[in-house]
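In: Sequence and predicted structure below; questions after.
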Amino acid sequence: MNTVTKQIVGISAALGIGLSAQAMAGDSSKKLAVDLLQRGLVQGDVAFIKENVVEAYIQHNPVAPDGAEGLIGFVAYLKTLETPVDVNTVRVLREDDLVLVHSEYTLDGPKAVFDLFRVADGKLVEHWDAIQDIPSDTSSGRSMTDGPTSISDIDRTAENKLLVVNFVTDVLVNGEGEKLTTYIGETYHQHNPNVADGLEGLGKFMGYLAENNISFGYTKIHNVVAEGNFVFTQSEGEFGGKPTAFYDLFRVEGGMIVEHWDVVQEIPTEFAHNNGMF
């Protein structure tokens with residue numbers, strides 16, 4: 001799959017059987033986001049796009065042009081692909097006007113994708129995404145999308161959000177590794193394919209980066225979406241000397257981070273618009 005295809009398929013996901021009905025119940029913004037992925041892009045429903053996407057739709061996918069017409073153009077492109085997109089949407093979160101969709105799909109091999117949408121006045125107005133190949137083997141034995149999907153602890157949303165934002169700020173942005181145990185305990189299920197479970201696995205990965213002089217660090221958090229026991233952060237930084245987008249999803253239980261999923265994508269130098277990746 002060429003670079004253009006890899007970057008645009010993040011906006012071409014369909015509703016899959018893994019999506020919890022509980023996650024969608026009674027939430028029109030969540031339904032709108034997932035329907036765009038299913039009806040608008042995969043099924044090619046141009047009328048749906050025209051009705052539910054504002055004309056001045058702001059696009060952050062590097063190769064997708066701005067506007068509803070740009071989105072419609074990708075519908076035509078997707079129809080030309082030899083292998084159709086096959087996607088299983090696993091998790092959907094919403095906080096205020098932001099909706100986060102976490103999916104696994106197949107297009108020239110399995111891919112993990114996060115799509116982030118902004119909704120205003122019942123219409124989709126902005127979109128960000130990141131995509132990563134899913135390897136056949138992972139360090140933890142977990143896939144990039146499996147694990148719990150049920151949203152709980154709604155009353156602890158603000159508390160869990162603060163915990164995760166503090167973790168990303170202290171440890172990943174400021175590099176204060178000594179604070180890890182403040183946020184992560186004995187249980188830490190890892191879905192990053194290169195990192196094993198637990199603090200030990202995380203430590204080994206960081207040690208490997210240091211030993212091989214591989215630069216890694218976050219510089220800024222751009223968006224956060226929290227709903228109950230799940231908190232998502234969209235950040236930028238550097239990995240291996242290249243500017244990188246980091247999309248991280250955390251599950252919190254009992255005041256500690258107990259699970260982590262992510263998608264990591266290099267930020268290109270050229271865009272089809274002037275919006276950047278963030």
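Out: Okay, I see it.
In: which residues sit in contact with Gly40?
Out: By C-beta atoms under 8 Å, 6 or more residues apart in numbering, the contact set of Gly40 is Val46, Phe48, Ile49, Asn52, Val53, Leu71, Val75. C-beta: built from backbone N, CA, C; applies to glycine.
In: Show me which pair in the residues you listed is furthest apart.
Out: Asn52 and Val75 (13.4 Å; C-beta to C-beta).
In: Roughly how far does the closest residue to Gly201 other than its chain neighbours sit from Lys161?
Out: Spatial nearest neighbour of Gly201, excluding adjacent residues (C-beta to C-beta, 6 or more residues apart in numbering): Val195 at 5.4 Å. As defined by C-beta to C-beta, to the nearest Å, Val195 lies at a distance of 23 Å from Lys161.
In: Which residue ranges of the stretch 151-278 of the chain form strands?
Out: With strands called from DSSP state E, counting those that start in this stretch, the stretch 151-278 of the chain shows them at 184-190, 216-227, 230-239, 242-253, 256-266.
In: can you pull the buried residues of stretch 263-278?
Out: Using 16 or more other C-beta atoms under 10 Å as the test for burial, stretch 263-278 gives Val263, Val264, Gln265, Ile267, Phe271, Ala272, His273, Asn275, Met277.
In: now swap in stretch 187-198 and tell me
Out: Tyr188, His189, Gln190, His191, Asn192, Pro193, Val195, Ala196, Asp197, Gly198.
In: Tell me who's in contact with the first one.
Out: Contacts were defined as C-beta under 8 Å, 6+ apart; by that measure Tyr188 touches Asp197, Gly198, Leu199, Gly201, Leu202, Ile257, Val258, Glu259, His260.
In: what about 10 Å?
Out: Residues near Tyr188 by C-beta atoms under 10 Å, 6 or more residues apart in numbering: 140, 180, 195-202, 256-260.
In: do the last one as well
Out: With contact set as C-beta under 10 Å, 6+ apart, Gly198 has these partners: Ser140, Ile184, Gly185, Glu186, Thr187, Tyr188, His189, Gln190, Lys204.
In: what's the helix or strand for the first one?
Out: This means Ser140. Ser140 is part of no helix or strand when elements are defined by DSSP states H and E.
In: ok so, going back, which residues does the residue nearest to Gly201 contact?
Out: So Val195 contacts 138-140, 188, 201-206, 208, 260, 262 (C-beta under 10 Å, 6+ apart).
In: Low-confidence regions, this protein specifically.
Out: 1-25 (pLDDT under 70).
In: residue with max distance from the center of it?
Out: The centre of the chain is farthest from one residue, Glu211, which by C-alpha atoms, centre = their mean lies 28.9 Å away.
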